[in-house]
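Asks: Show me the folded form of this:
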Amino acid sequence: MNHNKKNSLKNKSNLDKVKRQNQLGFDFINQKQTKTKSVKIIKIYNKIKQGILKIIHKLKRQLIHIKHIFIKSIGKLSFIIRLYKKFASIQIDIQKKKNKAFWIGIIIFTIIFISSFLFVSFDETKHFKTTKELQQYFTSINYRLDAIRYNNAPVPRVFTETLPKDFEFIENRHHRKDAFIKFLLPLILKVNEEIEEERKQLLTIAYKIRNEIILTKQQLDFLYKLAEKYKTDVNDLPSLIKKVDKISVALAIAQSAQETGWGTSHFLLDGNALFAQWTWSYDGMLPRSREKNLNHRVKTFPTLLDSVRSYALVLNSTKYYSGYRNMRLIFRNKGQVYDGISLVETLKYYSTTKEYIDLVSRIITSNALYNFETAKLSKEELEPKKSIFNK
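Replies: Numbering: from 1, shown residues only. Okay, the predicted model is just below:
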């Protein structure tokens, strides 16, 4: 009799727990029934955003200079004047402007261009026309790798948008390596900063769920969106927490150096592809030489920062790199700094080159890239000692 009474109380306790979960917005029995309208709106928004980004990407190379005019403009009026002055060289007669096709083209272009600013959050990226301009800027802010390596100096918040076309013509190998690491290091640290912010919010949500504290609508939306981004069941928080973690800095630099020939690859110079990621979409770049049985292309990106973000997401979300994430978790649990050489051993699916792991390991060792694993971005952007752009 007492045994039945205990079972009855236990069942009632479990039922109360399920009810509390339902009140929190988490129905672990039937997830589909608890999805709110806001989640559906987010999915629709993401689809629209992806569609617009594809259109924007095709025009990105032509819009780079105009974008910088926009950023530097004081107001919208100034931007519009500069925008149309940019195309004034077409020298179209005023009377011919009545042509409908011309105005339709202008309207479509304007809508697409303005949409790019509405849907894409601008990072404080810098555009350098030449390698000389890039190196002069590094010098003007006293950007030195040895100070970062040996004195733990902060890394300047210099986010290069695209690499100058003449970067491949740096003859001195050591100078090219130095410039390559200088432009890439802040980008990797910036992406790690973004991931750590996601992780911080995720851990807060996990704490509230464990303690049965009601989540806000924003937190619930964020959780569903994050789970979708990292291809994880929203109910599997341990797996999601394992995925949302920063990447190895040394390994990222070494892989990019290997994939781009230290900045000489046309995939990088023409498509901002830092890690030679494959795609089967026609908007990718066609490899100059590939095996007959393969039909892939190399994925291109609007900016270098977008390329690093994509690389980090691939390592953090796809099934092929679960070994990478497992080893990274071991380092985190032990409170140890990431070891890029150990982590590269888990990337056997990253390249078809048989010697790939050995090549990347040698790059890390011979260039002492492990010294950058604990590097941090400066709290604010450093100002140049003197302007190098008003000459």
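Asks: Am I right that K242 is in contact with R325?
Replies: Yes: the pair K242 and R325 qualifies as a contact (Cβ atoms under 8 Å) at a distance of 5.5 Å. Backbone N, C-alpha and C define where each C-beta goes, glycine included.
Asks: ok, T374 to H175 distance?
Replies: According to Cβ to Cβ, to the nearest Å, T374 stands 25 Å off from H175.
Asks: no no, D270
Replies: Taking Cβ to Cβ, one finds D270 at 22 Å from H175.
Asks: Show me which positions of the longest helix seen in the chain end up buried.
Replies: Ordering each helix of the chain by length in residues (DSSP state H) puts helix 173-210 first. Using 16 or more other Cβ atoms under 10 Å as the test for burial, helix 173-210 gives 176-192, 194-195, 199, 201-202, 205, 209.
Asks: And stretch 324-343, by the same measure?
Replies: Neighbour count says stretch 324-343 has 324-325, 327-328, 331, 338-341, 343 buried, by 16+ other Cβ under 10 Å.
Asks: now, among the residues you listed, which is nearest to E355?
Replies: Closest to E355 out of the buried residues of stretch 324-343 is I341 (14.9 Å), distances taken as Cβ to Cβ.
Asks: from what I can see the closest one touches S361, true?
Replies: Yes: under the criterion of Cβ under 8 Å, I341 is in contact with S361, at a separation of 5.1 Å.
Asks: Can you say which helix or strand has E228 in it?
Replies: Element membership of E228, judged by DSSP states H and E, is helix 217-229.
Asks: Restricting to C-alpha, output that helix in CSV.
Replies: Taking C-alpha atoms only, helix 217-229 is exported to CSV below (Å, rounded to 0.1, in the frame of the first residue of the first chain):
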residue,chain,number,x,y,z
LYS,A,217,11.1,35.6,-25.4
GLN,A,218,14.5,37.0,-26.6
GLN,A,219,16.4,34.2,-25.0
LEU,A,220,14.0,31.6,-26.4
ASP,A,221,14.4,33.0,-29.9
PHE,A,222,18.1,33.2,-29.5
LEU,A,223,18.3,29.5,-28.4
TYR,A,224,16.3,28.2,-31.4
LYS,A,225,18.3,30.4,-33.8
LEU,A,226,21.6,29.2,-32.3
ALA,A,227,20.6,25.6,-32.5
GLU,A,228,19.6,25.9,-36.1
LYS,A,229,22.9,27.7,-36.9
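Asks: For it, which helices and strands make contact with it?
Replies: Here helix 217-229 touches helix 37-72, helix 173-210, going by 3 or more Cβ pairs under 8 Å, 6 or more residues apart in numbering; DSSP states H and E.
Asks: give me the low-pLDDT residue ranges for the stretch 1-150 of the chain?
Replies: 1-47, 49-103, 105-106, 108-123 (pLDDT under 70).
Asks: can you rerun that using 80?
Replies: Residues of the stretch 1-150 of the chain meeting the criterion pLDDT under 80: 1-125.
Asks: Not counting its neighbours along the chain, what's nearest F275?
Replies: The shortest distance from F275 to any non-neighbouring residue, by Cβ to Cβ, 6 or more residues apart in numbering, is to Y311 (4.5 Å).
Asks: Give me the residues contacting whichever strand or helix holds the one you found.
Replies: Element membership of Y311, judged by DSSP H and E, is helix 304-317. Here helix 304-317 makes contact (Cβ atoms under 8 Å, 6 or more residues apart in numbering) with 123, 125, 159-163, 183-184, 187-188, 190-192, 194-195, 229-232, 243-245, 247, 252, 255, 272-275, 277, 299, 301, 321, 324-325.
Asks: Tell me how far S351 lies from I357.
Replies: To I357, S351 is 8 Å away according to Cβ to Cβ.
Asks: do the same with I181
Replies: Computed as Cβ to Cβ, the I181 to I357 distance reads 21 Å.
Asks: How is this structure divided into domains?
Replies: In terms of domains, the chain is parsed into 2-34, 44-122, 131-372 (source: automatic domain parsing).
Asks: Perfect, that will be all.
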